[in-house]
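Chemist: quick one: sequence and predicted model below, then my questions.
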Amino acid sequence: ETGVTQSPTHLIKTRGQQVTLRCSSQSGHNTVSWYQQALGQGPQFIFQYYREEENGRGNFPPRFSGLQFPNYSSELNVNALELDDSALYLCASSLWGNEKLFFGSGTQLSVL
Amino acid sequence: SQQGEEDPQALSIQEGENATMNCSYKTSINNLQWYRQNSGRGLVHLILIRSNEREKHSGRLRVTLDTSKKSSSLLITASRAADTASYFCATVSGGYNKLIFGAGTRLAVHP
């Protein structure tokens, strides 16, 4: 049990819709990262937030956006959903400067 | 894009046997980490080895790193059915903590 909680656990959307996924960081952690994991693949880095600002971004289009709040919780927003967005979305929290990440159990997103 | 490649993609062994998984990567790294994932859910950090280290132990886990060959191995000794999971290596390079994962090894340990 890592102390990182994500909601919802499962979500079904249709193509073109928008979705918001939520993450509550482990207590004391000030950095949050989001990853996308397609079926049978390793997670791919989407972006990282520190002090409420995006601190690094992977190879994802602008329709993937995020927020980090003063309490270090975070949201991942995806606009104009595509079928290929179907995946497990993982949130990970850490303390800035510490390389070890603590992952939540993920949100399974299905786009129909 | 994936940085690491794990080998084998799948491994099936009996309880009590050792399991060895290998990982290769492409660019220079700050550190390499191994994570475990049960049934497609969250990942759990197992062990971290820095680029200036060659071997590290944690309980039944032994990790080696060969930066000249850009490869690492994870050895699980005396495996148990509860070790059944997917195992991923992830590398860190650059100024912030962005993990680049391989595609993973699916380990099945049979009682």
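Modeler: Now that the structure is in, tell me what you want to look at.
Chemist: burial check on the closest residue to chain A within chain B, number of neighbours?
Modeler: With CB to the nearest CB, the shortest gap between chain B and chain A falls at residue B:101, namely 3.3 Å. C-beta: built from backbone N, CA, C; applies to glycine. By the criterion of other CB atoms under 10 Å in any protein chain shown, residue B:101 has 24 neighbours.
Chemist: that one against residue A:33, yeah?
Modeler: No: assessed by CB atoms under 8 Å, residue B:101 is found out of contact with residue A:33, at 12.0 Å.
Chemist: would you mind naming what in chain B lies close to chain A?
Modeler: Residues of chain B lying near chain A by CB under 8 Å from any CB of the partner chain: B:1-2, B:4, B:30-31, B:33, B:35, B:40-45, B:48, B:88, B:90, B:92, B:96-104.
Chemist: mark which of these are buried, thanks.
Modeler: When burial is judged by neighbour count using 16 or more other CB atoms under 10 Å in any protein chain shown, the buried members of the residues of chain B next to chain A are B:2, B:4, B:31, B:33, B:35, B:41-43, B:45, B:48, B:88, B:90, B:92, B:97-104.
Chemist: dihedrals phi and psi, residue A:83?
Modeler: Dihedral pair for residue A:83: phi -60, psi -40, per degrees, to the nearest 10.
Chemist: what sits opposite the closest residue to it other than its chain neighbours in the beta ladder?
Modeler: The shortest distance from residue A:83 to any non-neighbouring residue, by CB to CB, 6 or more residues apart in numbering or on different chains, is to residue A:111 (5.4 Å). When bridges are assigned using DSSP bridges, the partners listed for residue A:111 are residue A:13.
Chemist: surely residue A:111 meets residue A:89?
Modeler: No: Residue A:111 lies out of contact with residue A:89 (CB under 8 Å); the separation is 11.7 Å.
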